[in-house]
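Q: the following comprises the amino acid sequence and a computationally predicted model.
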Amino acid sequence: MADGEQGGGKEIKTTFMMVGGRLRPVQYTIVDGLAVVEGCIIVGTPEQAEANLKAVQEQPGLLRAGADALGVAIKGEGFRWPGGKMIFEIDPTLPNPGRVEQAMAHWTEKTSITFEERDPTNADHTNFVRFVPGSGCRSAVGMQAGGQEIVLGPECTRGNAIHEIGHALGLFHEQSRGDRDAHIRIRFDRIQEGMEHNFTQHIDDGIDVEDYDFGSIMHYPLTAFSIDGKPTIELVKPFPGVVGQREKLSEGDRATIKKLYPK
């Protein structure tokens, strides 16, 4: 994970976010005017986060809605891009737009996912992703109603763009899996104060799909949010490759996307 994927906000707040049709509590920080969880997942504006919290406090029955999620991916057709086609546009002020084009080309080469540039006059282009400049690398998870942003700061690479597109397609972070403790140990004593919430698991709302994938482009690196450069994630068993790589989709990433977007 590039430094840009590690959220810089310090004040921790709680809200509720929709995951597969169910509201679940999450902790977030405010980064560049957005409510961000797990370092690089956008859950909306601070105003939206506050409104969600207020709604649940006033209507506790909302929490009894059914839950349905798939592994480290949101389950539900409402979060899928129809036909596996992501509609996109690139902000003209985004530096180095070639990294976005390269990231989309990688997804197209390795999976059945395709991309189509947005035409504002096209009624089928109501839901779309807009790549915008900012600080850090961030995205919402799954297709959202209306336009949604993928933020790419100047430090975000082609690999970071691949990672954020993965979020927009519906993927959570790999180490958020419910079965992670069989594969890794989280060293909370080494995590930066206030950043512990970035290691939240998706247990009550997730069903793990493929085998745990240390090589996933969606996995945190071993020193994520470390206070001193020492690992915050320790492996239960050795892994010969790079954990937290930002180069390419792994075989596990591709298999998961194939299940989410069968062709």
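A: That came through, no problem.
Q: so, low pLDDT: which residues of the stretch 51-200 of the chain?
A: Applying pLDDT under 70 to the stretch 51-200 of the chain flags residues 56, 58-76.
Q: now the strands for it?
A: Assigned by DSSP state E, counting those that start in this stretch, the stretch 51-200 of the chain shows strands spanning 69-70, 73-74, 85-90, 114-117, 128-133, 137-139, 147-152, 184-186.
Q: now render those as CSV, adding distance to Trp107.
A: C-beta: built from backbone N, CA, C; applies to glycine. Shown next, in CSV, are the strands of the stretch 51-200 of the chain (distance: least, Cβ to Cβ, whole Å):
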stretch, distance to Trp107
strand 69-70, 19
strand 73-74, 15
strand 85-90, 8
strand 114-117, 7
strand 128-133, 12
strand 137-139, 13
strand 147-152, 13
strand 184-186, 26
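Q: so for Asn198, which of the ones you listed sits nearest?
A: strand 184-186 (10.2 Å; Cβ to Cβ).
Q: export the strands of the stretch 51-200 of the chain as JSON lines, with columns for mean neighbour count and distance to Phe214.
A: As requested, the strands of the stretch 51-200 of the chain are exported to JSON lines (neighbours: other Cβ atoms under 10 Å; distance: least, Cβ to Cβ, whole Å):
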{"stretch": "strand 69-70", "mean neighbour count": "22", "distance to Phe214": "20"}
{"stretch": "strand 73-74", "mean neighbour count": "27", "distance to Phe214": "18"}
{"stretch": "strand 85-90", "mean neighbour count": "18", "distance to Phe214": "27"}
{"stretch": "strand 114-117", "mean neighbour count": "14", "distance to Phe214": "28"}
{"stretch": "strand 128-133", "mean neighbour count": "20", "distance to Phe214": "28"}
{"stretch": "strand 137-139", "mean neighbour count": "27", "distance to Phe214": "21"}
{"stretch": "strand 147-152", "mean neighbour count": "22", "distance to Phe214": "25"}
{"stretch": "strand 184-186", "mean neighbour count": "19", "distance to Phe214": "8"}
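Q: among the ones you listed, which is nearest Asn160?
A: Short answer: strand 137-139, nearest of the strands of the stretch 51-200 of the chain by Cβ to Cβ, at 4.4 Å.
Q: residues contacting the closest one, please?
A: Applying Cβ atoms under 8 Å, 6 or more residues apart in numbering, the external contacts of strand 137-139 come out as 2, 4-5, 31, 34, 36, 40-42, 129, 148-153, 155-156, 160-161, 163-165, 167-168.
Q: and those residues, which are buried?
A: With neighbours counted by 16 or more other Cβ atoms under 10 Å, the contacts of strand 137-139 contain buried members at 2, 4-5, 31, 34, 36, 40-42, 129, 148-153, 156, 160-161, 163-165, 167-168.
Q: Ala168 and Gly142, how far apart?
A: Distance of Ala168 to Gly142, given as Cβ to Cβ, to the nearest Å: 7 Å.
Q: same check on Gln201?
A: From Gln201 over to Gly142 the distance is 18 Å, taken as Cβ to Cβ.
Q: who has more neighbours out of these two?
A: Shown here are Gln201 and Gly142; by other Cβ atoms under 10 Å, Gly142 has more neighbours (24 against 18).
Q: biggest strand in this protein by residues?
A: Identified as the longest strand of the chain according to DSSP state E is strand 22-31.
Q: for it, which strands pair with it and how are they oriented?
A: strand 13-19 (antiparallel), strand 34-37 (antiparallel) (DSSP bridges).
Q: wait, a helix at Phe239?
A: No: applying DSSP: H, G, I helix; E, B strand; the rest coil, one finds Phe239 to be coil, outside a helix.
Q: so who does the residue nearest to it when sequence neighbours are not counted touch?
A: Nearest non-adjacent residue to Phe239, counting by Cβ to Cβ, 6 or more residues apart in numbering: Phe214, 4.3 Å away. For Phe214, the contact set (Cβ under 8 Å, 6+ apart) comprises Glu174, His183, Leu235, Phe239, Gly241, Val243.
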